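K.L.:
okay, here's the prediction I keep looking at, along with the sequence it came from:
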Amino acid sequence: MTQTSLQSSTAPSQPQEMVLFLRPSRGWAALNLKELWHFRELIYFLTWRDVKVRYKQTALGAAWAILQPFLTMVVFTIFFGRLAKVPSDNVPYPIFSYTALLPWGLFTKALTDAGRSLVANRAMITKIYFPRLAIPIASVLGGLVDFALAFVVLIGMMLYYNFAPGSDYHIAVTPALATLPLFLLLSVVTALGVGLWLSALNVLYRDINYVLPFITQFWLFITPVAYPASMVPGRWQLLYALNPMAGVVEGFRWALLGTQSAPGPILAVSTTIAILILVTGLFYFRRMERTFADTV
Amino acid sequence: MSDIAIRVEDLGKVYRLGAGVGGLRPRQDYRTLRETLTSKLSAPFRRLANNGYEKNRQLQAAEDEYIWALRNVSFSVRKGQVIGVIGRNGAGKSTLLKILSRITEPSEGYAEVHGRVGSLLEVGTGFHPELTGRENIYLNGAILGMKRAEIERKFDEIVDFSGVEKFIDTPVKRYSSGMYLRLAFAVAAHLEPEILVVDEVLAVGDAEFQRKCLGKMSDVAHEGRTVLFVSHNMSAILHLTEEAIVLERGSLVYRAAAPEAVDYYMSSGLAKIGERIWISDEIPESAAPFRPLAMRVKNRQGQVVDTIRSTEPATIEVEYALDDTIVGLRVGLYLTTARGEYVLASFDTDDMVQFERYRARPAGRYISRCALPPDFLNEGRYILGINASSYRIRRYFQEEQALTFNVDGTDAPGSQWLEARLGPVRPRLVWQIEGDASLGIVPDMDEGHFYDR
């Protein structure tokens, strides 16, 4: 936002003094992650606020974190699993779709919250200085709590199908499970990258508010949540992988259900794209940041 | 290490009004993609149309579109100095503070700030209504730049200062506005930066709270910290600051010791409408022992304003000091329209109970506050006068035109018709309409039943 530099004082007896130079800046700004780190407690408190406030004054409270993916799973199971007979990589369709709905829910929630975060926090932005990156980052992190709650249900479902009489599903713990945090990180990186772009654009163009629901809906179709990625013909696979969430979802299934082989090429493309979105998002955000307080 | 805390050199900030293309963005406005796209698309056609007349017109339009909120402002503040910043609304005070606290960037010039800056442009920034007082202390503290350990250390002190111990685990949405402000200020007051930048945060809240805040501010000022203090409250400026700068339309027009700066500001007609502050030179000796300090109009939120809404309650307050006991004192106001017609006169001891209670008023500082009910004044401009007297004994002080304020008639009764209403009052009177058509049935006008009775 502003050019800051530390100058050490010349007088040896005096402690170092912080000097701040405020002047018009041009072009791209440095990311200044050091300062962001300095404000890590603020990120923590903002995340904590978002989580704490989210289900206040709702009758069902945190149950919503579970109900949303669970009910979606039920609908998917009825329409895609039973009626359309979509293949599910030899695991029960409910588990198949719910495993995908976990990272997908995290992603859409993070994306939507981050996209709206700057405008929602305009009162803070116009009244006090702090690294603005803290706001969308906190929005994205806030979704992790819901994810954890919904994850517990997945374990319950896996156990149910494992022991249910007549079920041919058995929990498969493979070494791939260790890679789960990486896929989680990948979905967070993707959500943050897109969220940064959208939040900064939203400050200038409120169209984003209307675009957001459309983006998430559209994105769901191009992500293998309701269907397996293997349905996509081989020659389209790499193009398909340009959607980082395709890599994330397939990765989740691989790590948790141990069904297919590792999503190798898909994963490489997805990761590259995700990092690209994040880095460009960070720089775009930093560039636009200096006008946030005047525009929001 | 120099002894300069803040150095400002040719500082300027330009805002762009309305929509358009360019590097700067409109203030308080946002664009839709459509606007950007259409203006980008039509740019070549505009260029084609650039004949002489068109050029001049566009240049003129371009000039009009920019507003320099601040321009060519240079000053410096030594370490430990407490500087007041005064000026009318829109003079650039807040812009200056926003630049110094890094919220926004200057458009030209530069500023140099030596030391950690704490800015207080508002109390309770980031307070969330659903969170409890305790939770908000942590959240707000973090937003203000305090470390968690620091907040924990000062927690009891903050709660103590706020005086809301009993409700500390209650969501702040259940707080009264006074409690909310006290808690918010308590957090802010425990910030310990080397340089403190404070906007009009004392203009809200009740008198006791204001006194407490002023006390805390003056502690801060005496601790050797550098303070930049914006206020419309001239007595606060005089009380807290040694020196003051006067801003007018984005320029620094005067800098002097606080009493001279206040004097300059008050006498140059720059003073803000909605508040009248008397400085000692203006008060005739004949007024003693009565000493008027200020008269102000406040809106429902308790902010000093020059425009109140017809449909909302407002408060007129007179702040004054008595240097000796006065028997039978009544302090009151005249309200007249801009054309000089009297609307009313009212005194603080009109009520028999108040009259008995304040037969003799001992020396001290007072505020007499008059609540204007909602749906009372019609839209327009009004003049307030002040009178302090003891009936048939003596008139201590009188000023017929102490201040002016406006009433905005949005949503007032009858505002569905865009016509001016006569008269100075605009009450929401109860009307009943009687008729023998049964309610809920829309009379069929075509068949003339409505008239067939």
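P.N.:
That came in fine, so what should we check first? Numbers count the residues shown, from 1 in each chain, chains lettered A, B, ... in the order given.
K.L.:
may I ask which helix or strand of chain A has the lowest mean pLDDT?
P.N.:
None of the helices or strands of chain A scores lower by mean pLDDT, DSSP states H and E than helix A:237-240, at a mean of 82.
K.L.:
please spell out which residues along that one are buried.
P.N.:
Neighbour-count burial for helix A:237-240 flags A:Gln237, A:Tyr240 (criterion: 16 or more other CB atoms under 10 Å in any protein chain shown). (Glycine included, C-beta is placed from N, CA and C.)
K.L.:
domains for chain B, by residue range?
P.N.:
B:4-70, B:76-267, B:275-408 (automatic domain parsing).
K.L.:
looking at those, which is buried most?
P.N.:
Burial of the domains of chain B is given as mean neighbour count (mean count of other CB atoms under 10 Å in any protein chain shown); domain B:76-267 ranks first at a mean of 20.
K.L.:
near chain A at all, that one?
P.N.:
Yes - if you take CB under 8 Å from any CB of the partner chain as the test, domain B:76-267 does meet chain A, through B:98-117, B:119, B:121-122, B:125-126, B:128, B:130-131, B:135, B:138-139, B:142-145, B:147-148.
K.L.:
now for the closest residue to chain B within the stretch 51-200 of chain A: which residues touch it?
P.N.:
Of all residues in the stretch 51-200 of chain A, A:Tyr129 sits closest to chain B, at 3.9 Å by CB to the nearest CB. Contacts of A:Tyr129 were listed using CB atoms under 8 Å, 6 or more residues apart in numbering or on different chains, and they are A:Met1, B:Ser101, B:Arg102, B:Ile103, B:Ser119.
K.L.:
surely the third one touches A:Leu22?
P.N.:
So that's B:Arg102. Yes - contact criterion CB atoms under 8 Å: B:Arg102 and A:Leu22 qualify, at 6.7 Å.
K.L.:
so what's B:Arg255 closest to, chain neighbours aside?
P.N.:
B:Ile245 (4.6 Å; CB to CB, 6 or more residues apart in numbering or on different chains).
K.L.:
three-state assignment of the one you found?
P.N.:
Put simply, B:Ile245 is strand when judged by DSSP: H, G, I helix; E, B strand; the rest coil.
K.L.:
quick one: it from B:Val262, how far?
P.N.:
Counting by CB to CB, to the nearest Å, the gap from B:Ile245 to B:Val262 is 11 Å.
K.L.:
mutual contacts of the two, please.
P.N.:
Joint contacts of B:Ile245 and B:Val262 (CB under 8 Å, 6+ apart) are B:Ile86.
K.L.:
hmm, stretch B:287-307 in reach of chain A?
P.N.:
No - counting by CB under 8 Å from any CB, chain A has no neighbours in stretch B:287-307; the shortest distance is 14.7 Å.
K.L.:
confirm B:Asn387 sits in a helix?
P.N.:
No - using three-state DSSP, the assignment for B:Asn387 is strand, not a helix.
K.L.:
that one touches B:Leu335, doesn't it?
P.N.:
No - assessed by CB under 8 Å, B:Asn387 is found out of contact with B:Leu335, at 11.5 Å.
K.L.:
between those two, what contacts are shared?
P.N.:
Residues touching both B:Asn387 and B:Leu335 (CB under 8 Å, 6+ apart) are B:Ala345.
K.L.:
report the longest strand in chain B, please.
P.N.:
Longest strand in chain B, counting residues (DSSP state E): strand B:394-408.
K.L.:
so what does that one touch, helix or strand wise?
P.N.:
Where contact means 3 or more CB pairs under 8 Å, 6 or more residues apart in numbering or on different chains; DSSP states H and E, strand B:394-408 is packed against strand B:275-277, strand B:290-298, strand B:307-309, strand B:380-390.
K.L.:
mind doing that once more with 6 Å?
P.N.:
If you count contacts as 3 or more CB pairs under 6 Å, 6 or more residues apart in numbering or on different chains; DSSP states H and E, strand B:394-408 packs onto strand B:290-298, strand B:307-309, strand B:380-390.
K.L.:
so, low pLDDT: which residues of the chain?
P.N.:
With no chain named, the answer covers chain A. A:1-16, A:259-263 (pLDDT under 70).
K.L.:
wait, I meant chain B there
P.N.:
For chain B, applying pLDDT under 70 flags the ranges B:1, B:17-64, B:89, B:201-211, B:232-235, B:266-273, B:281, B:339-340, B:438-453.
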